[in-house]
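S.K.: I would like the atomic coordinates for the input below:
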Amino acid sequence: MHAIKDDSPKHVLDELGERVRAAAFPRPVHLLLENEDNQAFRLSRDERGEPTSFTAQWNDDMHHVLHTAATLESNDYYGDYKDDTEKLGRALAEGFAFQGEVMQARNASRGEPSAHLPPGAFVAFMQNHDQIGNRAFGERINAIASPEAVRAIAAIYFLLPQTPMLFMGEEWGSSQPFPFFAISRESWVSLFGGVVGGSLRISLNFKILSSENEYRIPRGGNISICEAGLGQSKEEVHTEWLEWYRRILQVRKTSVIPHAREMEGYSGLFEVIGAGAVVVRFWNAESSRQLVLAANLSDESRDGFPCPTGQVLWQEGAKRIGTIMRPWSVCWTLQGSEKK
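M.R.: So this is what the prediction gives:
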């Protein structure tokens, strides 16, 4: 593994990408980036559409807009996303929500325009080891959001042209916590020093616990924490969740991927219908077809959605009534026709 600082010059990343790909040739290699700065240039493509250095990066913005919609949390950096439907639409349509605007949690501008990048430059997810492990008790999304909300946001990111990522156990609705851990207490102390003592109220980022609950927070240097987070859960597989994911993955395979491959740039436009309600349109450069998402990620019905047309690929939650969509409902449609 080669560590690259976020402020590394572009030519350093290009050289690293070229070296890794050359060493692995002819086996294809995908290099994924974790970079909170939303630096679109690190995901640039050449004239053939091939990555010049990194293939894609984890899209934290996508996680944040979906997470805040489902949980209503506003702690720490979530405060920059909560109740901001404009950022929700932008992340869905263009990849990054922050494209140069000031982020209050940083007190600085963040990001670069990303609409020109192809969908494959972004990895969309609802859970990962960071976002769960950052929580004091390592709760998964289904422990802090309603089943209706979880299914709605999953139905969005799994059928987006972006690349979806499943976190271990998510596909069958695991509720086993995944708290932050280090392999030993010494490693934990060396990493987080002062926060391990009596002032510990959070695992990493979230200042959401009262002082009387400090004693309940798992200390990451305990090997049992590691084993609990990585070990096989004794829960029974939630059959309904597993079947749900199998069905939506099949729809993605047959009805989304063929069109995503032919998109030029990200090719998404979004419209805000109301609080938590958006319509996003993606189109195929080789045809007149559009992949259309209509979503109401709120607890109230929203009016003003365009009347549905075309082939319904996926309906989550209650079906819309004319221009009205019920709470936590998502509808994906394929509109238009192939060019002759």
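
S.K.: So for stretch 247-254, mean pLDDT?
M.R.: Across stretch 247-254, pLDDT averages out at 97.

S.K.: quick one: buried residues of it?
M.R.: Neighbour counts over stretch 247-254 (16 or more other Cβ atoms under 10 Å) mark 248, 251, 252 as buried. Using the backbone N, CA and C atoms, a C-beta is placed for each residue, glycine as well.

S.K.: Helices of the stretch 201-340 of the chain, residue ranges please.
M.R.: Along the stretch 201-340 of the chain, the stretches classed as helices by DSSP state H, counting those that start in this stretch are 223-230, 239-251, 257-260.

S.K.: low-confidence ranges in the stretch 201-340 of the chain?
M.R.: Along the stretch 201-340 of the chain, segments meeting pLDDT under 70 span 201-237, 264, 285-287, 337-340.

S.K.: The stretch 51-200 of the chain too?
M.R.: Applying pLDDT under 70 to the stretch 51-200 of the chain flags the ranges 180-200.

S.K.: where do the helices sit along it?
M.R.: Applying DSSP H, counting those that start in this stretch to the stretch 51-200 of the chain gives helices spanning 60-71, 85-94, 129-133, 147-157, 185-192.

S.K.: Format the CA atom coordinates belonging to the fourth one as PDB.
M.R.: Spelled out, it's helix 147-157. Taking Å, rounded to 0.1, in the frame of the first residue of the first chain, the C-alpha atoms of helix 147-157 are listed here in PDB:
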ATOM      1  CA  PRO A 147     -37.000   0.500   7.600                       C
ATOM      2  CA  GLU A 148     -39.000   2.700   5.200                       C
ATOM      3  CA  ALA A 149     -36.200   5.300   5.100                       C
ATOM      4  CA  VAL A 150     -33.400   2.700   4.800                       C
ATOM      5  CA  ARG A 151     -35.200   1.000   1.800                       C
ATOM      6  CA  ALA A 152     -35.800   4.300   0.100                       C
ATOM      7  CA  ILE A 153     -32.200   5.500   0.300                       C
ATOM      8  CA  ALA A 154     -30.900   2.100  -0.700                       C
ATOM      9  CA  ALA A 155     -33.300   2.100  -3.700                       C
ATOM     10  CA  ILE A 156     -31.700   5.400  -4.700                       C
ATOM     11  CA  TYR A 157     -28.000   4.600  -4.500                       C
END
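
S.K.: what's the angle from that helix to helix 60-71?
M.R.: Between the axes of helix 147-157 and helix 60-71, defined by axes from the mean of the first three to the mean of the last three Cα atoms, to 10 degrees, the angle is 160 degrees.

S.K.: neighbouring contacts of helix 147-157?
M.R.: Helix 147-157 is contacted from outside by 62, 66-67, 69-71, 92, 124-126, 141-142, 164, 244-245, 248, 293, 295, 297, 314, 316-317, 327-330, 332, using Cβ atoms under 8 Å, 6 or more residues apart in numbering.

S.K.: Next, the angle from it to helix 239-251.
M.R.: Counting by the same axes, to 10 degrees, helix 147-157 lies at 20 degrees to helix 239-251.

S.K.: Tell me the buried residues in helix 147-157?
M.R.: Under the neighbour-count criterion of 16+ other Cβ under 10 Å, helix 147-157 has 148, 149, 150, 151, 152, 153, 154, 155, 156, 157 buried.

S.K.: got the angle for it vs helix 85-94?
M.R.: Counting by the same axes, to 10 degrees, helix 147-157 lies at 40 degrees to helix 85-94.

S.K.: With distance to residue 273 as extra columns, can I get the helices of the stretch 51-200 of the chain in JSON lines?
M.R.: Formatted as JSON lines, the helices of the stretch 51-200 of the chain follow (distance: least, Cβ to Cβ, whole Å):
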{"stretch": "helix 60-71", "distance to residue 273": "14"}
{"stretch": "helix 85-94", "distance to residue 273": "8"}
{"stretch": "helix 129-133", "distance to residue 273": "27"}
{"stretch": "helix 147-157", "distance to residue 273": "15"}
{"stretch": "helix 185-192", "distance to residue 273": "43"}
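
S.K.: and residue 271, which of those is closest to it?
M.R.: With Cβ to Cβ, the closest approach to residue 271 among the helices of the stretch 51-200 of the chain belongs to helix 85-94: 7.2 Å.

S.K.: List the buried residues of the closest one.
M.R.: Those would be 85, 87, 88, 89, 90, 91, 92, 93, 94, for helix 85-94 by 16+ other Cβ under 10 Å.

S.K.: Kindly report the same for stretch 41-51.
M.R.: For stretch 41-51, the neighbour count (16+ other Cβ under 10 Å) marks 42, 43, 44, 45, 51 as buried.

S.K.: Many thanks, we can stop here.
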